[in-house]
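> This is a predicted model, with the sequence first.
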Amino acid sequence: MKKIASFTVDHNKLVRGIFVSRKDSAGDEILTTFDIRMKEPNREPVLNTAEIHTMEHLGATFLRNHSKYAEKIIYFGPMGCRTGFYLVIHGDFSSEDVLPLITELFEFMAGFEGDVPGASPVECGNYLDMNLPMAKYESKKFLDEVLKNIKNENLYYPE
């Protein structure tokens, strides 16, 4: 059985950051998948479902309406382990390329006020499982502690 590439990353050494998880060909096009790792695996408490769900709604709304990247966004959603998000973008990108976009995204989520987009019973299958205050807290924490102080270890998977 073929081993999944993300399972080859030593999660005991992985820190928080933005990492290129994979690059896939779709015909002549490249799709870049990013690992937006908000929590250190197996060392920090994971994100609770309510805040990660809220961040998914906020993030997808922001990214799909972004002036430069809207047409390039393929997918934004949580990791099953609840330590962060996957972002799939149409094009061949590096972590450095998307750092300004991810910083904007987390600034948006950290400062969001109002009703969470898509959080109604008509638009969402679990609309009651939302926590905007904690989503803002976790977004600001990642923004302040990682994105505003980015180092190479936060941009490249450990060897």
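Good, I have the coordinates.
> quick one: secondary structure of the residue nearest the centre of the chain?
Nearest to the mean C-alpha position of the chain, by Cα atoms, centre = their mean, lies F85 at 3.3 Å. Classification of F85 by DSSP: H, G, I helix; E, B strand; the rest coil places it in strand.
> for it, which residues make a bridge with it?
With DSSP bridges as the criterion, F85 is bridged to I36, P78.
> How about the contacts made by it?
Residues in contact with F85 (Cβ atoms under 8 Å, 6 or more residues apart in numbering) are 36, 38, 52, 55-56, 59, 76-79. All C-beta atoms are positioned from the backbone trio N, CA, C, and that covers glycine.
> D35 versus that one, what's the distance?
Separation of F85 from D35 (Cβ to Cβ, to the nearest Å) stands at 8 Å.
> Was I right to think L99 contacts I150?
Yes: with contact defined as Cβ atoms under 8 Å, L99 counts as touching I150 (6.5 Å).
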